[in-house]
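S.K.: Sharing a sequence plus its predicted fold:
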Amino acid sequence: MPKLSPCARQAQKRTSFCTSPVICCVRKGGKPMQEQKKIQDALDYIEENIASPITAQELCDSCHYSLYHFYRLFESATGMPVMQYILRRRLLWAAWEMAQGKSVLDAALRYGFDTASGFYKAFRRELGMPPSRFAAAFRLRKPFPIKLAQEAHVMIPIQKLRSILRHWRMEALPLSPVVFQPSGYISDNAWWVGNDYVLKCSLNPAALQLNARIAKRLQENGFRGALHVETCDHAPYVSDGEMVFALTKRVNGQRRKVQTPQDAFTLGKALGKLHGILRREDSVLCREQDVFREVMDTWLAPAAQALKLPEDFVQRYRNAAERLRPLLPVQIIHRDPNPDNMLWQDDEIIGFIDFDLSQKSARLFDVCYAATAILSETVDRPEESLHLWPQLLLAIAKGYDSVSPLSAAEKEALPYMVLTVQFICVGYFATVDKYRELYDKNMRMTRFILEHLDELKLS
């Protein structure tokens, strides 16, 4: 999908993604293809020789650029000077190998550090915490090389983050990456600041404004939300080039795996209440999306090819989507109601966070997306756990219906909307190399859904 597209980020969060504890934002525009290819060749060379000595001059010579021109192009493409980028990649590889059992000293020596103390200082300076603590704290994913043609990232050094935090006089507080559990993927746009705050990065000021407004509305209506903190100059956020930074208060609550129909019903009720709040919110800051139309125009063909769907089934989906899409109630929705974004206390959902993807769309999408997020945590479990999932989907829908009654069209559209979520994920992940694991998982999920489609009908 476009930028780090909605469904890409959603599914990233649900099994969730990003291999680096840096904030990665997708840049606007693009580089001329020849320049991009040469910088990509340099990135590939760095990955292939990450444990060997590498100089900027040899990279520059391979691209046939002057050293000055190469430095400028490299930093423009990655957001980081070339030697700092190499250091960052070595530290990430070292962290991953330590998580696999390698000692700190062995990892330090393998990646070019003469002493463990030098490695420790570099690690703490670049990644915000000691190496052993970092490797032990998170389930880390193997670092995946950047592919500029698929996703152009800007990597923000920790020094830059601290300079941004000066606007709140919080530059001295500890910084650590936000990590989605239990998957171990690291957020692409958020860091913990001390114990009580989160720094978020976006390319979209309107999205941050909407986040702030929704958080305030949640607080006013009995839910917890991530309230924004003004800068010392009373500004709502800080602009830095294309990027915009906002500071929010950390919201207390627990993450919970939904494994019973009772919990699923509770989740559905909470979504219904959330939509009641969002329905009253002005949608001027939201883009509008016709999700059925987007799938039919963009994602259905590649998903159908990957899944080897019969033509008559594809036509059945098209016919249902065309008939039902104008009948579905549309409003502002969360767009990413995965377990990481729901806060539980005891047996109730007490809050929602992360409205970065919120848009005006069919409200049924949130119901179905929440269910597929649960399926992503279930699909590789024993068969008896997996086969409970259709009941969980229906319980979510019934919980929602008890608070915000579903229309006849929504009830009929339920199985088709579940497929819509999956067609987007399968179609998109097939296009991005580093999401191969997510593609495989979503293929398994979609095949399971297709096998049990008749069980997903809401009476």
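M.R.: Sure thing, it's come through. Note that the structure is a prediction, hence the values are computed from the model and not measured.
S.K.: going forward, measure contacts between C-alpha atoms and count neighbours the same way
M.R.: Noted.
S.K.: ends of stretch 381-394, how far apart?
M.R.: By CA to CA, to the nearest Å, the extent of stretch 381-394 from end to end equals 20 Å.
S.K.: mind listing what's buried in it?
M.R.: By neighbour count on 16 or more other CA atoms under 10 Å, the buried set for stretch 381-394 is 386, 389-390, 392-394.
S.K.: what's the average pLDDT for it?
M.R.: Averaged over stretch 381-394, pLDDT sits at 88.
S.K.: Show me how far it is from its chain's centre.
M.R.: 25 Å (CA atoms, centre = their mean, to the nearest Å).
S.K.: follow-up on the earlier one: any chance of a markdown table for the buried residues of stretch 381-394, columns distance to residue 164?
M.R.: Shown next, in a markdown table, are the buried residues of stretch 381-394 (distance: CA to CA, whole Å):
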| residue | distance to residue 164 |
| --- | --- |
| 386 | 45 |
| 389 | 44 |
| 390 | 46 |
| 392 | 43 |
| 393 | 42 |
| 394 | 45 |
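S.K.: Next step: those restricted to helices.
M.R.: Counted as lying in helices by DSSP state H, out of the buried residues of stretch 381-394, are 386, 389-390, 392-394.
S.K.: Distance check, the most far-flung residue of the chain relative to its centre against residue 73.
M.R.: Centroid-distance maximum for the chain: residue 66 at 37.2 Å, with CA atoms, centre = their mean. Plainly put, residue 66 is 11 Å away from residue 73 if you go by CA to CA.
S.K.: and what of residue 446?
M.R.: Distance from residue 446 to residue 73, by CA to CA: 41 Å.
S.K.: before we move on, what about residue 202?
M.R.: Computed as CA to CA, the residue 202 to residue 73 distance reads 23 Å.
S.K.: what about whichever strand or helix holds residue 58, average pLDDT?
M.R.: Assigned by DSSP states H and E, residue 58 falls within helix 56-63. The average pLDDT for helix 56-63 rounds to 90.
S.K.: Offset the numbering so it begins at 9, please.
M.R.: Sounds good: first residue 9 from here, last item helix 64-71.
S.K.: Buried residues of the helix or strand just after it, list them for me.
M.R.: The helix or strand immediately downstream of helix 64-71 is helix 75-86, counting by DSSP H and E. Neighbour-count burial for helix 75-86, counted by 16+ other CA under 10 Å, picks out 78-79, 81-83, 85-86.
S.K.: who are the neighbours of the helix or strand following helix 75-86, in terms of helices and strands?
M.R.: Scanning forward in sequence from helix 75-86 by DSSP H and E, the next helix or strand is helix 90-107. Using 3 or more CA pairs under 8 Å, 6 or more residues apart in numbering; DSSP states H and E, the elements in contact with helix 90-107 are helix 75-86, helix 112-118, helix 139-145.
S.K.: What segments of this protein are strands?
M.R.: 32-34, 161-163, 183-187, 194-201, 205-210, 236-237, 246-248, 251-257, 338-341, 350-353, 356-360, 367-370 (DSSP state E).
S.K.: any low-confidence regions in the stretch 59-208 of the chain?
M.R.: 145-147, 158-162, 188-194, 196 (pLDDT under 70).
S.K.: Check the protein for its longest helix and report it.
M.R.: Using DSSP H, we find that the single longest helix of the chain is helix 416-437.
S.K.: Let me see the mean pLDDT of stretch 422-442.
M.R.: 92.
S.K.: Give me the residues contacting it.
M.R.: 9, 15-16, 19, 152-153, 158, 299-300, 303, 307-308, 310-312, 314, 325, 328-329, 372-373, 376-377, 380, 443-444, 446-447, 450-451, 453-454, 457, 461, 464-466 (CA atoms under 8 Å, 6 or more residues apart in numbering).
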